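In: Need a 3D model of the following:
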Amino acid sequence: MDTEELEKILEEKSRNYCWLFTLFILASTPGIFNSMHITSYVFLSDNPKFWCDIAVLRNANWTDEQIRNVSAVNPQAVENCLMYDWDYENFKKIGYEEAIKYIENNEKPSQVACTSYRYQEEKPSIVSEWDLVCGSSALKPVSQALVPIGKVAGGLIFGIFCDKYGRKKGFIISCVMYMIASTIAGVTHFYSIFLILRFIIGVAGSGVYSAGFTILTEMTVKRWRTWLGVVYNISYSFGYIILPIFAYFSSDWRQLQYYMCIPSYLLIINCWLLPESARWLITEGRYEEAKKTVYGKRFRRPTDAEPKRPVPAHNTNMQSDERHRFWDICSVPMKLFQLFTYWESTKRILICYFGWFVAAFYYLLIVMNGRNFSANKYLYVALNGLVEAPAYIMPVLILSYIGRKLSTSVIFIISGLALLIILLLEDATAVMIVALVGRFCMSAVFAILILYTSELFPTSNRNSAVGSSLTVDQIGAILAPYIVDLGISIVWYLPSTVAGVLSTTTGLLIFMLPETRNKPLLDLLEDMKGISSRDKVSCLNCCTFT
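Out: Predicted structure coming up:
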């Protein structure tokens with residue numbers, strides 16, 4: 001079996017829509033768990049009202065309100081990191097009424113930092129579990145930031161692993177990591193271990209996503225590949241819708257973690273039924289296994305009388321094969337460095353990096369920023385999922401009539417203006433609706449941006465351009481929770497305004513890029529020397545869309 005024979009077989013199998021749909025479901029459903037773990041920060045780390053815990057008064061049966069009134073610098077504030085250094089043993093003896101009179105008639109003492117805290121919250125969260133407030137508040141967004149950091153590491157690790165040992169093995173190992181890490185995360189009593197597990201969840205999420213996507217694209221024919229590639233992320237929207245339901249019916253953050261973890265064991269079915277990529281098996285010279293993968297029960301093992309296809313030379317010399325793999329890995333940084341050796345490719349890649357950074361930053365910031373919008377967090381996250389599903393279909397329709405440049409620029413600008421308009425709105429419902437419009441546009445722009453980025457660079461360096469862009473976008477995902485928390489402590493509209501300005505700026509920068517629709521792709525970086533001024537990055541080409 002060769003690739004031409006495989007294409008014919010896959011063309012025949014693709015007429016069976018049941019087979020095609022099953023393959024799509026098996027490859028894409030892990031995205032449900034990816035989106036739940038990425039967004040779970042909204043519910044795991046809710047910011048409660050807190051104040052200093054005065055154990056001597058609490059043990060004397062004082063109420064929380066009474067303790068706040070005598071100890072807190074500002075009893076009505078949401079956050080109280082300081083308390084007055086009164087003689088609380090004396091307050092215990094004289095009682096609450098006499099303590100209030102004493103406070104009114106005496107000069108207030110110095111303020112000291114809390115040593116322990118009391119919380120007023122809807123449900124226990126990781127914040128109250130590990131006292132992630134005041135001096136330790138910077139540790140809270142680390143639990144979210146480690147997920148995209150893990151995704152970067154997972155993309156590198158499983159990218160190499162799946163090329164060498166197979167897509168399905170990478171998929172299975174990622175699923176097992178998912179199940180184990182998400183289970184232990186719900187029972188650990190150490191925040192450091194919880195952070196490590198969040199990183200592992202990110203690694204596993206990247207591995208299961210990339211392996212599943214690769215199997216899907218390699219096991220389908222060209223006419224289905226584009227559509228399936230675009231709608232592959234629809235599973236994420238289901239995760240956004242399911243998560244708030246789990247969160248609403250959970251009594252604390254640990255129970256929510258269990259609710260996310262238990263369904264992940266259904267991935268055992270995916271591991272069992274999802275086929276290995278027949279294309280990968282052919283490139284490895286494992287033709288019999290490739291035939292068994294595509295023919296299934298109809299497969300008949302060759303008899304001794306049947307001629308066997310010779311194994312490719314690169315498989316007969318394992319030492320040489322390993323050496324080639326080593327140099328392939330070493331060539332990745334070199335390919336990336338080459339992008340900066342020409343001024344034209346440098347300008348293109350820097351604008352792409354900025355666009356990817358802003359897209360990921362905006363995308364995650366919106367879903368985590370519901371509290372700053374005074375929105376119901378359960379409804380808000382679910383609505384984010386509802387608007388995301390149709391957003392993945394929109395690019396297919398747009399790109400049939402409009403070029404990459406105009407569509408990408410306009411969508412970025414609309415997304416940015418949507419968040420800037422929030423500054424003029426007072427009604428919480430109107431703010432939420434406008435924010436969801438921005439979310440819809442930013443979800444749609446991802447599908448266009450990856451296509452546009454790939455077409456802006458020559459074949460020799462295309463993979464490096466796209467791969468490094470996907471790495472840069474995780475930096476935006478890492479920063480998003482910090483900006484959201486900054487908005488909670490400073491001013492509510494800070495995160496949305498920052499994202500709005502960045503998105504609008506990105507749209508304007510993309511106007512300087514050349515249009516790539518219906519244009520031949522470059523093969524080598526050297527080809528950029530001969531391109532016309534119309535196809536170069538320039539302010540003069542802002543109104544050129546062909």
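In: For the host helix or strand of residue 174, buried residues please.
Out: Assessed by DSSP states H and E, residue 174 sits inside helix 167-185. Residues 167-175, 177-185 are the ones in helix 167-185 that count as buried (16 or more other Cβ atoms under 10 Å). (Each C-beta comes from the backbone N, C-alpha and C, glycine too.)
In: cool, and stretch 500-514?
Out: In stretch 500-514, counting by 16+ other Cβ under 10 Å, buried: 500, 502-507, 509-514.
In: which of these lies closest to residue 190?
Out: Among the buried residues of stretch 500-514, residue 502 lies closest to residue 190 (Cβ to Cβ), at 36.3 Å.
In: Isn't that closest one up against residue 359?
Out: No - counting by Cβ atoms under 8 Å, residue 502 does not reach residue 359; the two are 9.7 Å apart.
In: how's the protein carved up into domains?
Out: When the chain is parsed with automatic domain parsing, its domains come out as 1-42+128-302, 49-120, 342-546.
In: and of the ones you listed, who's closest to residue 336?
Out: Nearest to residue 336, of all the domains of the chain, is domain 342-546, at 4.6 Å by Cβ to Cβ.
In: Please compute how far that closest one lies from its chain's middle.
Out: Relative to its chain's centre, domain 342-546 lies at 14 Å (Cα atoms, centre = their mean, to the nearest Å).
In: ok, how many other residues are close to residue 538?
Out: When neighbours are defined as other Cβ atoms under 10 Å, residue 538 has 15 of them.
In: So the residue nearest to it when sequence neighbours are not counted: helix, strand or coil?
Out: Setting aside the residues directly before and after it, residue 538 is nearest to residue 512 in space (Cβ to Cβ, 6 or more residues apart in numbering), at 6.1 Å. Using DSSP: H, G, I helix; E, B strand; the rest coil, the structure places residue 512 in coil.
In: check contacts around residue 512.
Out: Each residue near residue 512 by Cβ atoms under 8 Å, 6 or more residues apart in numbering is listed here: 351, 537, 538, 539, 541, 542.
In: Would you quantify the distance from it to residue 208?
Out: Remark: distance between residue 512 and residue 208 (Cβ to Cβ, to the nearest Å) = 37 Å.
In: Likewise for residue 244?
Out: To residue 208, residue 244 is 23 Å away according to Cβ to Cβ.
In: Now do the strands in this structure.
Out: Along the chain, the segments classed as strands by DSSP state E run 49-52, 82-84, 111-113, 117-120.
In: What pairs with the last one, parallel or antiparallel?
Out: Sheet pairing for strand 117-120, assigned by DSSP bridges, gives strand 49-52 (antiparallel).
In: I would like the residues contacting the partner strand, please.
Out: Residues outside strand 49-52 that contact it (Cβ under 8 Å, 6+ apart) are 64, 67-68, 71-72, 75, 78-80, 82-83, 114-121, 128, 133.
In: how about 10 Å then?
Out: If you take Cβ atoms under 10 Å, 6 or more residues apart in numbering as the criterion, strand 49-52 is touched by 64-65, 67-68, 71-84, 112-121, 127-128, 131, 133-134.
In: and stretch 271-290, average pLDDT?
Out: Mean per-residue pLDDT for stretch 271-290: 85.
In: For it, which residues meet the burial criterion?
Out: For stretch 271-290, a neighbour-count test (16+ other Cβ under 10 Å) marks 271, 274-282, 284-287, 289-290 as buried.
In: That stretch: end-to-end distance?
Out: Across stretch 271-290, the terminal residues are separated by 18 Å (Cα to Cα, to the nearest Å).
In: Please apply the same query to stretch 176-192.
Out: Chord length of stretch 176-192, first to last residue, is 21 Å (Cα to Cα).
In: And the average pLDDT for that stretch is what?
Out: On average, the pLDDT along stretch 176-192 is 94.
In: go on, stretch 44-56?
Out: Stretch 44-56 carries an average pLDDT of 89.
In: how about it as PDB, C-alpha atoms only?
Out: In PDB, the C-alpha atoms belonging to stretch 44-56 read as follows (Å, rounded to 0.1, in the frame of the first residue of the first chain):
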ATOM      1  CA  LEU A  44     -12.000  27.300  41.200                       C
ATOM      2  CA  SER A  45     -10.600  30.600  42.300                       C
ATOM      3  CA  ASP A  46     -13.500  32.800  43.100                       C
ATOM      4  CA  ASN A  47     -12.500  35.900  45.100                       C
ATOM      5  CA  PRO A  48     -14.500  35.900  48.400                       C
ATOM      6  CA  LYS A  49     -14.900  38.600  50.900                       C
ATOM      7  CA  PHE A  50     -12.300  38.100  53.700                       C
ATOM      8  CA  TRP A  51     -10.900  39.600  56.900                       C
ATOM      9  CA  CYS A  52      -8.500  38.700  59.700                       C
ATOM     10  CA  ASP A  53      -9.400  35.800  61.800                       C
ATOM     11  CA  ILE A  54      -9.200  36.600  65.600                       C
ATOM     12  CA  ALA A  55      -9.200  33.100  67.100                       C
ATOM     13  CA  VAL A  56      -9.600  34.300  70.700                       C
END
